[in-house]
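Undergrad: how would this look folded up:
(one chain, ligands or ions: 1)
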Amino acid sequence: MQSNSLSTPQTTTPDDIRVRESVPNSSSLATSRESGGTQLIGTTETIDETMSSVDPGILCFQHCNPKSKVFCLELPDYCPQCDSPMSCIELKIPPFCVPFPFICAKRTQCSVIIRPTDGDFLHHYQNAADLHIGLTDSKGDVYEFDKYGLQSANRSSSWNQCLSVPIVTEIDNMWKDYWDYTLQIASQLDRWQPNQYSEDSNNCYSFVITFLRMLRVKDLKPSLNSKTQFCKDFIVPRTKNAAKYIALYRRVVKEGICVLNTTQ
Ligand SMILES: [Zn+2]
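TA: Next comes the predicted model:
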């Protein structure tokens, strides 16, 4: 397993996980396409029918003001900043779809996956306390632990809008076999019986962290000391980007068109 180098997530404070209901600083979202600087989950994937059923398709373009970008769900007839008819102007940045940060669990492999405990990210997510965490095997089948005990594969439909957190950067066949094998062993532990569940001390995070410890990846060890450290290293960087997208989505739905300053 030495050939699998660990991803090196940025670390942030847990407070960053919260959704900002005020104007999101969307610069990373808006500029990710040009600079490639921001890595959102799924940005390099083709959007297929599974994805499009949940991706609202937020559009972004720029016309007359180089310091701002326009976000909308449908292109307007006139530029919201200079009132020029859109049909006869040349855009500085032609419309593109803002990368949707969420993915259907079935389309992930050997990943940690997270979703809100109730509802979905776009409409219901409020803060980190609401999150539920699970794992996928090499076929994208979900393994999760909750008050009903360990569940595998049969609940994938509730994971059609989740964040995928890859643990290693490259997944080869040897890694897939090792991941699936370890997952089978971890799943058989007695502590995942329904009566062993405890919201505070033996929960969905316990299952995921126990499994990751059993992988015995040396570089992963410091992040597995505690739930807090694991969240800081792996979860917060993903939810931080997702929170920006969610805030942008809720604002575009509410206002129709929003113009955001993207220079700060
Ligand atoms: Zn304009």
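Undergrad: all the helices of the stretch 1-150 of the chain, residue numbers only.
TA: 27-35, 49-52, 121-124 (DSSP state H, counting those that start in this stretch).
Undergrad: what's the single longest helix found in the chain packed up against?
TA: Using DSSP state H to define each element, the chain has its longest helix at helix 236-255. The elements that helix 236-255 packs onto, with contact taken as 3 or more CB pairs under 8 Å, 6 or more residues apart in numbering; DSSP states H and E, are helix 27-35, strand 68-72, helix 121-124, strand 163-166, strand 257-261. For every residue, glycine as well, the C-beta is placed using N, CA and C.
Undergrad: give me the distance from that helix to the chain's centre.
TA: Centroid separation between helix 236-255 and its chain, computed with CA atoms, centre = their mean, to the nearest Å, is 11 Å.
Undergrad: in that helix, what counts as buried?
TA: With burial defined by 16 or more other CB atoms under 10 Å, the residues of helix 236-255 counted as buried are 236-249, 251-252.
Undergrad: angle of that helix against strand 257-261?
TA: Counting by axes from the mean of the first three to the mean of the last three CA atoms, to 10 degrees, helix 236-255 lies at 130 degrees to strand 257-261.
Undergrad: what angle do helix 236-255 and strand 68-72 make?
TA: Counting by the same axes, to 10 degrees, helix 236-255 points 70 degrees away from the direction of strand 68-72.
Undergrad: avg pLDDT for helix 236-255?
TA: Averaged over helix 236-255, pLDDT sits at 94.
Undergrad: pull the CA atoms of it into CSV?
TA: The C-alpha trace of helix 236-255 is given here as CSV (Å, rounded to 0.1, in the frame of the first residue of the first chain):
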residue,chain,number,x,y,z
VAL,A,236,-13.9,20.5,7.2
PRO,A,237,-12.0,21.2,3.9
ARG,A,238,-14.9,19.5,2.0
THR,A,239,-17.8,21.0,3.9
LYS,A,240,-16.2,24.4,3.7
ASN,A,241,-16.4,24.4,-0.1
ALA,A,242,-19.9,22.8,0.0
ALA,A,243,-21.1,25.5,2.4
LYS,A,244,-20.1,28.2,-0.1
TYR,A,245,-22.0,26.4,-2.9
ILE,A,246,-25.1,25.9,-0.7
ALA,A,247,-25.1,29.6,0.3
LEU,A,248,-24.8,30.6,-3.3
TYR,A,249,-27.6,28.2,-4.3
ARG,A,250,-30.0,29.5,-1.7
ARG,A,251,-29.3,33.1,-2.7
VAL,A,252,-29.7,32.5,-6.4
VAL,A,253,-33.0,30.7,-5.7
LYS,A,254,-34.2,33.6,-3.5
GLU,A,255,-33.1,36.5,-5.7
